[in-house]
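Undergrad: Fold the following.
(2 chains, ligands or ions: 2)
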Amino acid sequence: MASLVELEANQLCMHFGGVRALDNVNFTLRRQELRCLIGPNGAGKSTFFKCLAGMLNPTSGEIRIRGQHTNGWHPHQIARLGIGIKTQVPSVMNSLSVRENLWLAAVRGNSTKQADNIVAQIMDQVSIAELSSQSVETLAHGKRQLVELGIVLAGQPWLILLDEPAAGLTAEEVDRMIDVIREINRHAALIIVEHDMHFVRRIAEQVTVFNQGQVLIDSNVDEVMNNQAVRDVYLGKSL
Amino acid sequence: MVRDVLLPIIIGMVLMLILPSVLDSYTLTVLTAYAMLALSLGFIWGYAGILCFGQAAFFGLGAYAYAIAAINFGTPWGPFFIAIIIPAIFAAVFGAVLFYGRLSDVYLAVVTLVMTLILFKFMNSSAGEIYKIGKARLGGYNGIPGFETLSLPWDPSEYLYDESLFYFAFSLLILVYVLLRICLQRPMGRILVGMRENEQRAELMGYDIRLLKTIAFTIGAAIAGLAGCLYANWAEIVTPSLFSLGQSAETIIWVIVGGAGTLTGPILGAAVLGFTKFLLGQQSVIDNTLVLGVILILAVLLLPRGIFPFLVQIWQALIRRLPSPGGGRGRHNQNNRKQQPDSYHNG
Ligand SMILES: Nc1ncnc2c1ncn2[C@@H]1O[C@H](COP(=O)(O)OP(=O)(O)O)[C@@H](O)[C@H]1O
Ligand SMILES: [Mg+2]
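TA: Residues are numbered from 1 along each chain as shown, chains lettered A, B, ... in the order given. Ligands and ions are numbered 1, 2, ... in the order given. Just a heads-up that it's a prediction; the model follows:
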């Protein structure tokens, strides 16, 4: 069962005019896998996420999620399949309280009472309980990242896409984030885009490297870090 | 529950009993119809984030639907419900086309505005003999007079007019207000507010915002249609001016001045500005629209959130100043501060 493929992208292309943000990407993710996605700025990582989540409609190629072709689906339909995404630019409901943000995610498909319970549990898990009644717009960037993670978890997804979740976090918050990610991974699959190699080393087993819209290499973390092509792409950066 | 249902009912009933001794019920009734119209826009714009420049279209449709149905049926209560249902159906179809077509906010404003213009033009040019619906002639510029107005269901000879029409209209206003408050406490209403705050996130949570917007738009149109029905019963004639751009613009101004993002604000805005307009109408020294324009500008500059949120602020400041026994003051303070975002949305 553990090797069951739950997400598949075949020959996926996303073109913006002349820009090939995704160029024949092939990608598979197995049940409960934790995958890191790395690559230089502009490599197409966020675009890939947006195609998976239905926020962009791919130019060509196909996406299969648990056997369903999701090309052309709306974001809410894909969300209902059980997929949650934390976007690179935090997408939260600004003037509402932290609690309300999570509750709105939790109440879909659940009773209000169930939603209350889910919210309480997740605020604990992500350590934002003390922010409960604050409105999200008053929070620092790091806290907003945690709130957005909370929103995603409140939807109880089985596949979670995190686009640069550690950006703007303090060292302490990063530790918390890593704990949470490990905990989530006991029930759900994750794809995580991250720049910070240190962070990647701490959580990843399998790593996929994107470069110029293509998959450069797809392997375990040690192999990827020692790969010459990857080093060239990240020229000047220590891995 | 107490704050959302009982309190508005009690305050509303007290107002309903006091107001007729302050103002004549003829004026009060039309202000109530305006307040209902403002409430409808206040709901879809302030809570669902749909800025409709053509709310008067549904107001006019409600009024015309009532008049036409009343002439054909000769009884008032069937037409009363038709006046709510016709605008709602119209909005459901029209809204579905707009929202499922993913029209952006600006286009939505323009399209709804054009819709009002078309209805206005059409009604104005419907003077000929061929423009008939059943027994009712649309009458063009002159509109439709002489239809059966509301009467007691158990005694059709007892018409609702003057004071009794006011009590009826105002009771409906209280009822609709309370229903909306309840809706906003329930998941559906809270999701609408979430959608207003961030459409993308609402979608990523799994909500079909096209459907949600269509529903909200339809509810708004039904309420506007009810307002139009009340107006028709008050005026005892319907004319194309109900569809006018001026009426739509005024409704938006009522909501802004009263306080967008609240339910009480639009009602207050409609009452205050509607009454001002009524007073101005009795003189011819200064131009009516000019004064309304000045009020709008002053309100936007001085009370950017509107009259009602301003009053709430004053009220909260007063409460904070009141010494409360047993050192409970500090706690009270904190509660007030914490609840502010909520009270803003739920007013
Ligand atoms: N909406 C868009 N319109 C045009 N070009 C875009 C759009 N989104 C992304 N791109 C381009 O696609 C490429 C990949 O961007 P992105 O997926 O954001 O990269 P990454 O997340 O890996 O940094 C970049 O060249 C970017 O400029
Ligand atoms: Mg990116």
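Undergrad: shaky segments in chain A?
TA: A:1-3, A:235-239 (pLDDT under 70).
Undergrad: And the residue of it closest to ligand 2?
TA: Taking Cβ to the ion as the measure, chain A has A:S46 as its residue closest to ligand 2, at 3.2 Å. Backbone N, C-alpha and C define where each C-beta goes, glycine included.
Undergrad: In three-state terms, how would that residue be classified?
TA: helix (DSSP: H, G, I helix; E, B strand; the rest coil).
Undergrad: and the nearest residue to it once chain neighbours are set aside, helix, strand or coil?
TA: Of all residues not flanking A:S46 in the chain, A:Q88 sits nearest, at 5.1 Å (Cβ to Cβ, 6 or more residues apart in numbering or on different chains). Secondary structure state of A:Q88, per three-state DSSP, is coil.
Undergrad: doesn't A:D163 make contact with A:Q88?
TA: Yes. When contacts are counted by Cβ atoms under 8 Å, A:Q88 is listed as touching A:D163 (4.1 Å).
Undergrad: give me the number of residues near A:S97?
TA: Neighbour count of A:S97, defined by other Cβ atoms under 10 Å in any protein chain shown: 20.
Undergrad: For it, grab phi and psi.
TA: Dihedral pair for A:S97: phi -70, psi 160, per degrees, to the nearest 10.
Undergrad: What's opposite it in the beta bridge?
TA: For A:S97, the beta-bridge partners are A:S135 (DSSP bridges).
Undergrad: What distance do you get for it to A:T138?
TA: 10 Å (Cβ to Cβ, to the nearest Å).
Undergrad: How about the residue of chain B found nearest ligand 2: what's its closest non-neighbour residue?
TA: Ligand 2 sits closest to B:Q200 of chain B, with a gap of 15.8 Å, by Cβ to the ion. Setting aside the residues directly before and after it, B:Q200 is nearest to A:S91 in space (Cβ to Cβ, 6+ apart), at 5.4 Å.
Undergrad: Isn't that neighbour up against B:E199?
TA: No. Using Cβ under 8 Å, A:S91 makes no contact with B:E199, being 9.8 Å away.
Undergrad: Identify the residues contacting B:A83.
TA: B:62-63, B:65-66, B:69, B:225-226, B:228-229, B:232 (Cβ atoms under 8 Å, 6 or more residues apart in numbering or on different chains).
Undergrad: which one of these sits closest to ligand 1?
TA: Using Cβ to the nearest ligand atom, B:G225 comes nearest to ligand 1 of the contacts of B:A83, at 41.0 Å.
Undergrad: tell me which element that closest one is part of?
TA: helix B:209-235 (DSSP states H and E).
Undergrad: Buried residues in that helix, which are they?
TA: Within helix B:209-235, the residues scored as buried using 16 or more other Cβ atoms under 10 Å in any protein chain shown are B:209-210, B:212-235.
Undergrad: got it, and stretch A:187-198?
TA: For stretch A:187-198, a neighbour-count test (16+ other Cβ under 10 Å) marks A:188-195, A:197 as buried.
Undergrad: Any idea which helix or strand in chain B has the lowest mean pLDDT?
TA: Ranking every helix and strand in chain B by mean pLDDT, DSSP states H and E puts helix B:329-346 at the bottom, with a mean of 41.
Undergrad: how close does B:S21 sit to chain A?
TA: Distance from B:S21 to chain A, counting by Cβ to the nearest Cβ, to the nearest Å: 41 Å.
Undergrad: How many neighbouring residues does that residue have?
TA: The number of residues packed near B:S21 is 7, by other Cβ under 10 Å.
Undergrad: got the contact list for the residue of chain A closest to ligand 2?
TA: Counting by Cβ under 8 Å, 6+ apart, A:S46 touches A:87-88, A:163, A:193.
Undergrad: Output the set of residues of chain A in proximity to ligand 1.
TA: A:16, A:19, A:21, A:39, A:41-47 (Cβ under 6 Å from any ligand atom).
Undergrad: ok, so what distance separates the residue located most distally from the centre of chain A from chain B?
TA: Relative to the centre of chain A, the most outlying C-alpha is that of A:K113, 27.9 Å out, by Cα atoms, centre = their mean. Between A:K113 and chain B the computed distance is 12 Å (Cβ to the nearest Cβ).
Undergrad: what about that residue, helix or strand, and which?
TA: In this assignment (DSSP H and E), A:K113 forms part of helix A:112-125.
Undergrad: same question, A:V152
TA: Per DSSP H and E, A:V152 falls inside helix A:141-154.
Undergrad: so what secondary structure elements neighbour that helix?
TA: strand A:83-86, helix A:98-106, helix A:112-125, strand A:159-163, helix A:171-184 (3 or more Cβ pairs under 8 Å, 6 or more residues apart in numbering or on different chains; DSSP states H and E).
Undergrad: Including distance to ligand 2, could these go into a markdown table?
TA: A markdown table is the format used below for the helices and strands packed on helix A:141-154 (distance: least, Cβ to the ion, whole Å):
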| stretch | distance to ligand 2 |
| --- | --- |
| strand A:83-86 | 12 |
| helix A:98-106 | 23 |
| helix A:112-125 | 25 |
| strand A:159-163 | 6 |
| helix A:171-184 | 17 |
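Undergrad: Figure out which of these is closest to A:F27.
TA: strand A:159-163 (12.1 Å; Cβ to Cβ).
Undergrad: what's the domain layout of chain B?
TA: Chain B breaks down by automatic domain parsing into domains covering B:2-244, B:309-347.
Undergrad: of all the buried residues of stretch A:187-198, which comes closest to B:I11?
TA: A:A188 (49.1 Å).
Undergrad: contacting residues around that closest one?
TA: A:32, A:157-160.
Undergrad: So what's the residue count around the nearest residue to A:E223 once chain neighbours are set aside?
TA: Among residues not flanking A:E223 along the chain, A:I217 sits closest, at 7.9 Å (Cβ to Cβ, 6+ apart). Other residues near A:I217 number 15, with proximity taken as other Cβ under 10 Å.
Undergrad: interface residues of chain B facing ligand 1?
TA: Residues of chain B lying near ligand 1 (Cβ under 6 Å from any ligand atom): none found.
Undergrad: chain center to stretch B:71-83, what's the gap?
TA: Put simply, stretch B:71-83 sits 22 Å off its chain's centre (Cα atoms, centre = their mean, to the nearest Å).
Undergrad: and if you look at stretch B:110-118?
TA: On Cα atoms, centre = their mean, the centre of stretch B:110-118 falls 18 Å from that of its chain.
Undergrad: quick one: buried residues of that stretch?
TA: Of the residues in stretch B:110-118, those with enough neighbours to count as buried (16+ other Cβ under 10 Å) are B:111-113, B:115-116.
Undergrad: same check, this time on stretch B:237-253
TA: B:238-240, B:242-244, B:247-253.
Undergrad: ditto for stretch A:84-91
TA: Across stretch A:84-91, burial judged by 16+ other Cβ under 10 Å covers A:84-88, A:90-91.
Undergrad: and A:R80, what does it touch?
TA: A:109, B:206.
Undergrad: For it, give its distance to A:I65.
TA: 11 Å.
Undergrad: what's around A:Q11, how many residues?
TA: Neighbours around A:Q11, by other Cβ under 10 Å: 13.
Undergrad: Report the contact partners of it.
TA: If you count contacts by Cβ under 8 Å, 6+ apart, A:Q11 has them with A:24-26, A:60-62.
Undergrad: Please apply the same query to B:M205.
TA: A:76, A:79, A:104-105, A:108, A:151, A:155, B:194.
Undergrad: Please state the backbone phi and psi of it?
TA: Here is the backbone geometry of B:M205 (degrees, to the nearest 10): phi -80, psi -10.
Undergrad: I'd like to know which of the helices and strands packed on helix A:141-154 lies nearest to A:V147.
TA: Across the helices and strands packed on helix A:141-154, A:V147 has its closest neighbour in helix A:98-106 (5.4 Å, Cβ to Cβ).
Undergrad: hang on, the earlier thing: for A:A53, find the nearest of the helices and strands packed on helix A:141-154.
TA: Nearest to A:A53, of all the helices and strands packed on helix A:141-154, is strand A:83-86, at 4.5 Å by Cβ to Cβ.
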